[in-house]
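**Student:** What would the 3D arrangement of this be:
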Amino acid sequence: MVRRVLGRINRAEKGITGLETAIILIAFVVVAAVFAYTALSAGLFSTQKSQEAVYSGLEETRSTLELKGGVVAYKGDSNISSSVGKVEFTVSNALEGEAIDLTPPYTYDGTDLSSSGLDHVVQISYNDENVFVPDCAWTLSWVGKHSDDYLLEDDEKAVITVWFHNYASGQYSPSGESTTHFLGEGNWVQTNHTFTLEVKPPKGAVLNIERTTPAHLDTVMDLH
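**Tutor:** The predicted structure is shown next:
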């Protein structure tokens, strides 16, 4: 009789232990599944962000201007013969990337420099130890083949001319210039003068051009 009672008790204990074990196993499986899902989601999110960063970097790189050739400075006429009137350089697309909008803020017809009246997205700033011009006056021309628009596309070369002084009626007109778009009187680029131009497209890296004028100003100078 005692053995039967003990046997029933043991069987009852075995049943409870098995049920508890099953519950614990189920809990472990659920927790493991949650952790696995969390880890998988985090991995997918991280991969997606990495891809976005890579694509963003490629887009920035493919929307970058590249300097082609030298930087040429032109001495001013009789009004400002002791300083540089304008600087010219050629740019192209780095890595033959996306087209870059080079709509110019100014136009030049050979006699007068005037506002284009167009919205420009590329800004060119000038700075040296004395002055900073955040949005210089610049004009655009082309070398070789190009389409009939202001977009710098694959295999195209654009010539950018940055005007340090205003130009009207066939001569430089520095009198009364402000430093909004020009250097202004007293800030002229003369001999042994170091300055920096920053070409800032809407996307891509800033193109920095730092040059120093020679000890003697010629009519046309290749700045090194």
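**Student:** any low-confidence regions in the protein?
**Tutor:** Low-confidence segments of the chain (pLDDT under 70): 1-22, 25, 27-63, 96.
**Student:** quick one: the helices in it?
**Tutor:** For the chain, applying DSSP state H gives helices covering 2-62.
**Student:** How is it divided into domains?
**Tutor:** With domains defined by automatic domain parsing, the chain comprises 1-62, 65-223.
**Student:** Comparing those domains, which comes out most buried?
**Tutor:** domain 65-223 (a mean of 16; mean count of other C-beta atoms under 10 Å). Where C-beta positions appear, they are placed from N, C-alpha and C, glycine not excepted.
**Student:** list the contacts for the residue nearest to A168 when sequence neighbours are not counted?
**Tutor:** Distances taken as C-beta to C-beta, 6 or more residues apart in numbering place D112 nearest to A168, at 5.3 Å, with adjacent residues excluded. If you count contacts by C-beta atoms under 8 Å, 6 or more residues apart in numbering, D112 has them with 167-169.
**Student:** Of those residues, which is the nearest to E98?
**Tutor:** Y167 (32.6 Å; C-beta to C-beta).
**Student:** Can you give me every residue that contacts the closest one?
**Tutor:** Under the criterion of C-beta under 8 Å, 6+ apart, the neighbours of Y167 are 85-86, 108, 112-113, 173.
**Student:** Quickly list what it is bridged to.
**Tutor:** According to DSSP bridges, the residues that bridge with Y167 are Y172.
**Student:** go on, Y74?
**Tutor:** Counting by DSSP bridges, Y74 forms beta bridges with K86, V220.
**Student:** From K145, how far out is it?
**Tutor:** 26 Å (C-beta to C-beta, to the nearest Å).
**Student:** Surely E66 is in contact with N93?
**Tutor:** Yes - with contacts defined as C-beta atoms under 8 Å, E66 counts as touching N93 at a distance of 7.0 Å.
**Student:** ok, and the closest non-adjacent residue to V84?
**Tutor:** Here the residue nearest V84, using C-beta to C-beta, 6+ apart, is V189, at 4.2 Å.
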